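In: Just to be clear, the model below is a prediction. Sequence and coordinates:
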There are 2 protein chains.
Amino acid sequence: MNKKILLQNLQSKIAISEDEFDEFVTLFQYKELKKKDILVEENRLNDTLYFIEKGLLFLYKTLENGEIQVIQFAKENYWMSDLYSFFTSSNALFGIQALEDCQVWSISMANFETICLQYPKMETLFRLNFQTAYVNTLIRVSDIYSEDAQSKYNHFLKQFPDLVQRVPQYLIASYLGILPSSLSRIRKKSKA
Amino acid sequence: MNKKILLQNLQSKIAISEDEFDEFVTLFQYKELKKKDILVEENRLNDTLYFIEKGLLFLYKTLENGEIQVIQFAKENYWMSDLYSFFTSSNALFGIQALEDCQVWSISMANFETICLQYPKMETLFRLNFQTAYVNTLIRVSDIYSEDAQSKYNHFLKQFPDLVQRVPQYLIASYLGILPSSLSRIRKKSKA
DNA sequence: CGGTCTCTTGACGGAGTTCAAAGCTAGTGG
DNA sequence: CCACTAGCTTTGAACTCCGTCAAGAGACCG
C-alpha cells in the first residue's frame, strides 16, 4: 500500500503536485489479490480501471474449445481493465486474472469521469496512455503478420525480458498465438 | 470542402457549439488527394493528423521482401495518421496511401496540442477516439488469433461490408494476413 | 487495342498443429 | 520434511492448412 508509486506514475507523464494528487486519490481504492484470483470475469459487467502497484496480471479470452487466449500481460506501474466493458457498460469481452500476488489501485467509471472533468491534466494523462497503448497495439498487429513464430518469441524476449521468468510457458505460447509444444521446440532450437 | 462533416463528427461525441467550432477550425487545413497519392511516407517525419471528409485511405508497412502489409483502412468520417510519428516526432513506422480520391482536413501536432489545452472538450474527444480505437485493436488481436482465414474473411465482410467493393482483393488479403491466392480460394468456396 | 495490373488455378512444400504419452516440477497435506 | 498429486513441459509421429512458385485468364486504363 504505497500511493507514491501511483503518484510517480502520473508525474512521469504530466505535471501534478502532491497536493492536487491528494485531492482526488481518495477516489481510488486499494486492493490485494492472491495469485490465480480473477479480477474481471468474462461476460460480466466491469466498471473498474486498475493501476498495478505490484504484481502481474493477464487479459484473456476463453475460446469455444475452453482454451484460454492470452491478449496481453500487465505488470507493476501499468494500467489494466476490460476497457470495452468499462467504457460501454456492456459485459466484458475479456477476463483478467492474477499471475502473482498483486497490489492494485482501482477506480470506478463514475469516479474516472469525475476526475477527467475536474482535472483536465488527468484527462491528458489518460489520453496519453490510450494513445500510446493504441500505437503499441497497432505495432503488435503489424508484427503478428510479418514475423514467424521464432521471431515472435525473440521479439517477446526483447520486449519483456522479465516476463519469461514470471509467466508459465503455455501462457507465453498463447500470447504468441502458438501451441506450448511449438514454443518448446522453438526454445530447444534457440539453445543449440 | 464541407466543414459541417467535421463538425458533425465532433458533435456525435461531445457537446460543442458551432461558435466554439468556428474558433479553432481555422487550425485545420483542407487538402485533396488523388487515388494512389501518398499522404504519409514510411521512415519520414509525419506531424499531421487527418480527418477524412470523403474517400478511403490505408495504413501499411513495407516488408523486407518489398511487399506491402496492410495495417488498417480508414474511410470518410474517420481519423487517420501514423500516430507514432505524430506523437513522438520520430520517423513514421507506417505509410498512408489513398485508395480513392479523397478530401481531408489536416491538423499539425502543434495545433493539436493547442486545441487540447484550450478546449478540454476537444481533449475529451480525442481521448474517446483513442480509447475506442485501442479497444477495437485489442479485439482485432484477439480475432487474429482465434479465427482461421475463412472466419477472418467472413468477419471482415460483416465489419466492413462496403470495403469489399472499394478495396482490391490483394489488399484485403494483406489486411487479413493471407495471400491473394488463398483469399481467392476462400471466396470460391463461399460461393458454392 | 496493347500493356499492365489483378484475380484465378494448379502442384508442391513446410511451418506449425493435433493427439498422445512420458518426464519433470512445484505446491499440498499428512 | 517427505510423498503425492496436479499441472506444466518436452518429445514423437502424422497431418493440414496455407504459403510458395508459376502460369494463364481477365479487367482496367491510357
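Out: Received, thanks. Numbering: from 1, shown residues only, chains lettered A, B, ... in the order given.
In: can we go C-alpha only for contacts and neighbour counts from here?
Out: Noted.
In: for residue A:105, helix, strand, or coil?
Out: Using DSSP: H, G, I helix; E, B strand; the rest coil, the structure places residue A:105 in strand.
In: Give me the distance between it and residue A:88.
Out: For residue A:105, the distance to residue A:88 equals 21 Å [C-alpha to C-alpha, to the nearest Å].
In: For the residue nearest the centre of chain A, give me its contacts.
Out: In chain A, the residue lying closest to the centroid (C-alpha atoms, centre = their mean) is residue A:74, at 3.3 Å. For residue A:74, the contacting residues are A:52, A:56-58, A:80, by C-alpha atoms under 8 Å, 6 or more residues apart in numbering or on different chains.
In: give me that answer again for 7 Å
Out: A:56-58, A:80 (C-alpha atoms under 7 Å, 6 or more residues apart in numbering or on different chains).
In: ok so, going back, of residue A:105 and residue A:88, who's got more company?
Out: Between residue A:105 and residue A:88, counted using other C-alpha atoms under 10 Å in any protein chain shown, residue A:105 has the larger neighbour count: 23 against 13.
In: Just to check, that one is in contact with residue A:50?
Out: Yes. Counting by C-alpha atoms under 7 Å, residue A:50 is a contact partner of residue A:105 at 5.6 Å.
In: buried subset of the contacts of residue A:74?
Out: For those, a burial check counting by 16 or more other C-alpha atoms under 10 Å in any protein chain shown picks out A:56-58, A:80.
In: List the ones among these that fall in strands.
Out: A:56-58, A:80 (DSSP state E).
In: Let me know the closest of those residues to DNA strand C.
Out: residue A:56 (14.6 Å; C-alpha to the nearest atom of the strand).
In: How about the contacts made by that closest one?
Out: A:74-76, A:98-100, A:102.
In: repeat that for 10 Å
Out: By C-alpha atoms under 10 Å, 6 or more residues apart in numbering or on different chains, the contact set of residue A:56 is A:35, A:73-78, A:97-103, A:163, A:166-167.
In: Show me the shaky parts of chain A.
Out: Scanning chain A for pLDDT under 70 picks out A:191-192.
In: picking that back up, list residues touching both of residue A:105 and residue A:50?
Out: Counting by C-alpha under 10 Å, 6+ apart, the residues touching both residue A:105 and residue A:50 are A:28-31, A:79.
In: For residue A:181, grab the count of nearby residues.
Out: Residue A:181: 12 neighbours (other C-alpha under 10 Å).
In: Now residue A:134: closest residue in space, sequence neighbours ignored.
Out: The spatially closest residue to residue A:134, leaving aside those adjacent along the chain, is residue B:134, at 4.4 Å (C-alpha to C-alpha, 6 or more residues apart in numbering or on different chains).
In: Likewise for residue A:157?
Out: Using C-alpha to C-alpha, 6+ apart, the closest residue to residue A:157 is residue A:164 (6.9 Å).
In: check contacts around that neighbour.
Out: A:156-157, A:172.
In: Just to be sure, which of those are found in helices?
Out: A:156-157, A:172 (DSSP state H).
In: Mind picking the one among these that's closest to DNA strand D?
Out: residue A:172 (8.0 Å).
In: Can you give me every residue that contacts that closest one?
Out: By C-alpha under 10 Å, 6+ apart, the residues touching residue A:172 are A:70, A:72-73, A:153, A:156, A:163-164, A:178-180, A:183.
In: Could you do residue A:147 as well?
Out: A:153, A:155.
In: where does it fall, phi/psi-wise?
Out: Torsion angles at residue A:147 (phi, psi; degrees, to the nearest 10) stand at phi -120, psi 150.
In: any chance of the buried ones among the contacts of residue A:74 in CSV, plus distance to residue B:11?
Out: Shown next, in CSV, are these (distance: C-alpha to C-alpha, whole Å):
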residue, distance to residue B:11
A:56, 39
A:57, 37
A:58, 36
A:80, 29
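In: that older thread, and the contacts of residue A:56, which are buried?
Out: Judged by 16+ other C-alpha under 10 Å, buried ones among those: A:73-78, A:97-100, A:102-103, A:163, A:167.
In: how close does residue A:166 get to DNA strand C?
Out: For residue A:166, the distance to DNA strand C equals 11 Å [C-alpha to the nearest atom of the strand, to the nearest Å].
In: so what's residue A:116 closest to, chain neighbours aside?
Out: residue A:123 (4.6 Å).
In: tilt between the helix or strand that that neighbour is a member of and helix B:120-146?
Out: Under the criterion of DSSP states H and E, residue A:123 resides in helix A:120-146. Between the axes of helix A:120-146 and helix B:120-146, defined by axes from the mean of the first three to the mean of the last three C-alpha atoms, to 10 degrees, the angle is 30 degrees.
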